[in-house]
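Asker: what would the 3D arrangement of this be:
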Amino acid sequence: MTIHGDHPFLPPESERSPVRRFRGRLPSPVGLWTTSYGGKRAGLTVSSMLVADGEPGYVIGLIDPDSDLWETLREARTAVVSLLGEPHRQLADAFGYVAPAPGGPFRLIDWTDTAWGPAPVGVSTWAGCTLVDQDPPEVGWGLQVQLEIAHVELVADDVPALVHRRGHYGTI
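Answerer: Residues are numbered from 1 along each chain as shown. The predicted structure follows:
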């Protein structure tokens, strides 16, 4: 067996979509979207997202329509959007389903149940949100999901923000 430094399922760069390569050159925030419904928890690492300020504010993200997150979020209609920092790389990979998480990614850390879903203990910035539309438009490969921000937790700002660029994590 040989261990490679590259992702084993990633096609060669010359075979990748030029639009995806263009997007990959933009630094993106690393968010963790979590929800629960009927005793089932679901989560997904999301870097294709933005926050729109206003009254109310919104989080807009591209979500895989086949993901467990979307299936559960559509039923729950609420979610927690957490902004991950440097200490959360393993959590980001586990919820992005690119790293092992024995027993599932929710077993990696402790969680606080909120009115919007599970919030990860140790993540200093998160928002409790409500789903705007159960039938969002398709955009590219995903669904353009809009969440209305109902509550924001800003505990500390001393953790470097985790960003994703060209398949790798970095910090700001």
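
Asker: where do the strands sit along the chain?
Answerer: Using DSSP state E, the strands of the chain run over 28-29, 31-37, 40-46, 49-52, 58-63, 78-83, 111-114, 117-120, 125-131, 138-139, 142-154, 162-165, 168-171.

Asker: how about low-confidence regions in this structure?
Answerer: Low-confidence segments of the chain, defined by pLDDT under 70: 1-10.

Asker: coming back round to it: and Asp93, which of the strands of the chain is closest to it?
Answerer: With Cβ to Cβ, the closest approach to Asp93 among those belongs to strand 40-46: 7.6 Å. C-betas here are computed from N, CA, C, even on glycine.

Asker: and of the strands of the chain, who's closest to Ala94?
Answerer: Per Cβ to Cβ, nearest to Ala94 of the strands of the chain: strand 40-46, 8.3 Å.

Asker: now do the closest one: which elements does it pack against?
Answerer: strand 31-37, strand 58-63, helix 68-76, helix 89-95, strand 117-120 (3 or more Cβ pairs under 8 Å, 6 or more residues apart in numbering; DSSP states H and E).

Asker: from the chain's centroid, how far away is the last one?
Answerer: Right, strand 117-120. 12 Å (Cα atoms, centre = their mean, to the nearest Å).

Asker: and if you look at stretch 70-78?
Answerer: Worked out by Cα atoms, centre = their mean, stretch 70-78 lies 14 Å from the chain centre.

Asker: now that stretch: buried residues?
Answerer: Using 16 or more other Cβ atoms under 10 Å as the test for burial, stretch 70-78 gives 70, 72-76, 78.

Asker: next, format the strands of the chain as CSV and append distance to Pro12.
Answerer: Formatted as CSV, the strands of the chain follow (distance: least, Cβ to Cβ, whole Å):
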stretch, distance to Pro12
strand 28-29, 23
strand 31-37, 29
strand 40-46, 24
strand 49-52, 28
strand 58-63, 24
strand 78-83, 33
strand 111-114, 39
strand 117-120, 35
strand 125-131, 37
strand 138-139, 26
strand 142-154, 24
strand 162-165, 19
strand 168-171, 17
